[in-house]
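> Below is the sequence, then the predicted model.
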Amino acid sequence: LGSWAVLAVTALVVWTVAARAPVLRRARPPGVPDPDDGDPVSGAAEAPRRSLLRSPLAWVVTVFFGSQACLAYIVMGWLPQVLMDAGVSRTQAGLMVGLISLLGIPVSLVVPALAARQGSQSGWIAGLGAFGVVGVLGLMTVPEYSPLLWSVLVGVGMSVFSLALTTIALRARTGADTASLSGMAQGFGYLLAAVGPFLFGLLHDVTGDWTVPFAMLLGVLLVQIGFGWLAGRPRYV
């Protein structure tokens, strides 16, 4: 934790110094517009970025992004304890969580490129979600049967994160709308996801068992699949 704090403080110092440094702009002959001020050809001011808060599709993408992030936060925060309660050693539980993170790398390199070539990404989103459903059901009912198998299935399901980012780009026509949708989906989405680990742990404390927390996690996963199916359809905000 201390080493990460040092890196964060160092980055903050560099960022602060860079932000205070004077910005040198190249001199331009009179009458030549600045590209940063608008259209480099016509000199017209850029149209103001519109709000997407009233767009139903933008909220669909936001809920999809938030639910998959919520699933990831819960799994990364609580899966080691769940596995240890099922008889897995502390070392093996840590390795399984690491394996889940590694599984997302090959999927992120292959699946988004294939999904983006198709008109709809709904099938890909639902397919990855189905792996997660099986993994969560296994951990909820028979975690001691094959914890490695259930962890791998959950990890494959969590790889939908790459499709969530791809969906943000594909559901907007312009760069400005993409930026607005990204800010909305990730801003509200991560805020929603942050509640997940706390609620999961609270349910475990209240019930003294993992069944109810995993039922909640399954519900989050079903919301992810449902809203992901809608977000993957070829429409634009």
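Sure thing, it's come through.
> could you point out the longest helix in the protein?
What stands out as the longest helix in the chain, according to DSSP state H, is helix 56-85.
> Tell me which helix or strand comes right after that one.
Where DSSP states H and E defines the elements, the next helix or strand beyond helix 56-85 is helix 90-116.
> following that next one, which helix or strand shows up next?
The C-terminal neighbour of helix 90-116 among helices and strands, as given by DSSP H and E, is helix 122-141.
> elements contacting that following helix?
Using 3 or more Cβ pairs under 8 Å, 6 or more residues apart in numbering; DSSP states H and E, the elements in contact with helix 122-141 are helix 56-85, helix 90-116, helix 147-158, helix 161-170, helix 211-231. In short, each C-beta sits where N, CA and C put it, glycine included.
> Can you flag the weakest of the ones you listed by average pLDDT?
Mean pLDDT is lowest for helix 90-116 among those, at a mean of 87.
> same for it, what does it pack against?
Helix 90-116 is packed against helix 56-85, helix 122-141, helix 147-158, helix 161-170, with contacts defined by 3+ Cβ pairs under 8 Å, 6+ apart.
> so what does the first one touch, helix or strand wise?
With contacts defined as 3+ Cβ pairs under 8 Å, 6+ apart, helix 56-85 has these neighbours: helix 90-116, helix 122-141, helix 147-158, helix 161-170, helix 175-193, helix 195-207, helix 211-231.
> Just tell me which of these ends up closest to V82.
Nearest to V82 among those is helix 122-141; the distance by Cβ to Cβ comes to 6.3 Å.
> State the distance from the residue nearest to L230 when sequence neighbours are not counted to V152.
Closest residue to L230 apart from its sequence neighbours, by Cβ to Cβ, 6 or more residues apart in numbering: V60 at 4.9 Å. Separation of V60 from V152 (Cβ to Cβ, to the nearest Å): 29 Å.
> of the two, who's got more company?
Regarding V60 and V152, a neighbour count based on other Cβ atoms under 10 Å identifies V60 as having more, with 23 against 17.
> which residues touch that one?
Counting by Cβ atoms under 8 Å, 6 or more residues apart in numbering, V60 touches 227, 230-231.
> Who wins on neighbours among those residues?
Of all those, the highest neighbour tally under other Cβ under 10 Å goes to A231, namely 28 neighbours.
> V160 contacts G127, doesn't it?
No. Judged on Cβ atoms under 8 Å, V160 makes no contact with G127 at a distance of 9.2 Å.
> Tell me which of those two has more neighbours.
Between V160 and G127, counted using other Cβ under 10 Å, V160 has the larger neighbour count: 33 against 16.
> With the flanking residues excluded, which residue is spatially nearest to that one?
Spatial nearest neighbour of V160, excluding adjacent residues (Cβ to Cβ, 6+ apart): L128 at 4.5 Å.
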